[in-house]
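Participant: Here's my sequence, what's the structure:
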Amino acid sequence: MKIWCKLEFLNPSGSTKDRIARHIIEKAWRAGKITRGSTVVEASSGSTSIAFALACSQMGLRFIAFIPESATSERELIIRAYGGIVKRVPGNMTEVLRAAKEASEVEGWFLGQQFSNEDNTEAHRLFTGSEILSRIPGGCVDGIVSGVGTGGTLRGLYEAFSSAGCDVSAHAAIPCEGKLFGANVECCSLRFSSNVPGVANGISDIYAQWNCPHLTEWEISDDECLELTRQLWAKGFPVGPSSGLNMAAAIRVAETLGKNCAVVTVFPDRMERYFSHTVFDGLRP
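Facilitator: Alright, predicted model coming up:
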């Protein structure tokens, strides 16, 4: 078996969200929805806001990030460094989304809407998927594994590989700390760990409305996620906890699919935005 890991932490702002931010903004620009000096708004726990902040700084746009109070301070600093404005919102992502939507409607700002904007999925289907296939011997993938924030990465890559003729299955990696959250809209009605940020947000229409015939969900304990993350550091990969989650699930999927399979997963972001996170416990002086 072979596991191929797309190193999305090498993108300019340090995460896979660069792809959707730039794609969403460029399409809005071409459609005349925004011009130089326009204000762009997004609700995000961190990485998407960072990506939007970078893209907006490059294109002469003003950016306002609505983030939950629980987001790490490192993320806020990075957004501000790119010239973005940060507004922290009490409560869960549902409250953050509501605040961003209300502000955009009142002020006439452009809202990225990563959780429902199909350009999110399209960015991975058109670009990330083709990049991966060009590097896979034989150009065929048997399984795609990813955590689920918006679901855009998993869905977009599955669609890219399927349309290329691959007999591919999709596998959602779900971080679990043993608590069933039931119908909590934040958590996709799945087991969810607060120790692995940016995954399993059930507020995403992109994931909730996806009728994939070959989709399975793999629960991975938060301890295993964090341990795999630290093992990846030891091998020279400067990644965040979601990479440990994806790697742990990818190993299980590959074992299930068999020795001749090709499994693809993603290392979504860089370690620097997690310095105050529990994954660094034991390393801080």
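
Participant: Let me see the ranges of the strands in this protein.
Facilitator: Secondary structure of the chain (DSSP state E): strands at 2-7, 39-43, 62-68, 85-89, 110-111, 143-147, 169-176, 215-221, 262-267.

Participant: Need those in TSV (columns: mean neighbour count, distance to E227 and mean pLDDT).
Facilitator: Glycine gets a C-beta too; all of them are placed from N, C-alpha and C. Below are those laid out as TSV (neighbours: other Cβ atoms under 10 Å; distance: least, Cβ to Cβ, whole Å; pLDDT from 0 to 100):
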stretch	mean neighbour count	distance to E227	mean pLDDT
strand 2-7	16	17	96
strand 39-43	25	31	96
strand 62-68	24	26	94
strand 85-89	15	31	95
strand 110-111	20	38	98
strand 143-147	29	16	94
strand 169-176	25	13	90
strand 215-221	17	9	90
strand 262-267	26	16	97
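
Participant: Same list (the ones you listed) but as CSV, adding distance to S163.
Facilitator: As requested, these are exported to CSV (distance: least, Cβ to Cβ, whole Å):
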stretch, distance to S163
strand 2-7, 18
strand 39-43, 28
strand 62-68, 33
strand 85-89, 38
strand 110-111, 29
strand 143-147, 13
strand 169-176, 13
strand 215-221, 16
strand 262-267, 15
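
Participant: looking at the ones you listed, which is closest to H277?
Facilitator: Comparing those by their distance to H277 (Cβ to Cβ), the top pick is strand 169-176, with 13.1 Å.

Participant: shaky segments in the protein?
Facilitator: 177-203 (pLDDT under 70).

Participant: Can you give me the domain boundaries for it?
Facilitator: Under the assignment automatic domain parsing, the domains of the chain span 2-12+121-280, 17-111.

Participant: Nearest to R30, out of the strands of the chain?
Facilitator: Ranking these by proximity to R30 (Cβ to Cβ) places strand 110-111 first, at 13.0 Å.

Participant: I'd like the distance from that closest one to the chain centre, please.
Facilitator: Offset of strand 110-111 from its chain centre (Cα atoms, centre = their mean, to the nearest Å): 19 Å.

Participant: any residues touching it, and which ones?
Facilitator: 28, 33-34, 38-42, 100-101, 104 (Cβ atoms under 8 Å, 6 or more residues apart in numbering).

Participant: Among the residues you listed, find me the one that's closest to R252.
Facilitator: Using Cβ to Cβ, the shortest approach to R252 within the contacts of strand 110-111 belongs to E42, at 32.9 Å.

Participant: just to revisit the earlier point, distance to C261 added to the contacts of strand 110-111, as JSON lines?
Facilitator: Output for these, formatted as JSON lines (distance: Cβ to Cβ, whole Å):
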{"residue": "A28", "distance to C261": "39"}
{"residue": "K33", "distance to C261": "42"}
{"residue": "I34", "distance to C261": "43"}
{"residue": "S38", "distance to C261": "46"}
{"residue": "T39", "distance to C261": "46"}
{"residue": "V40", "distance to C261": "41"}
{"residue": "V41", "distance to C261": "42"}
{"residue": "E42", "distance to C261": "36"}
{"residue": "A100", "distance to C261": "41"}
{"residue": "K101", "distance to C261": "42"}
{"residue": "S104", "distance to C261": "44"}
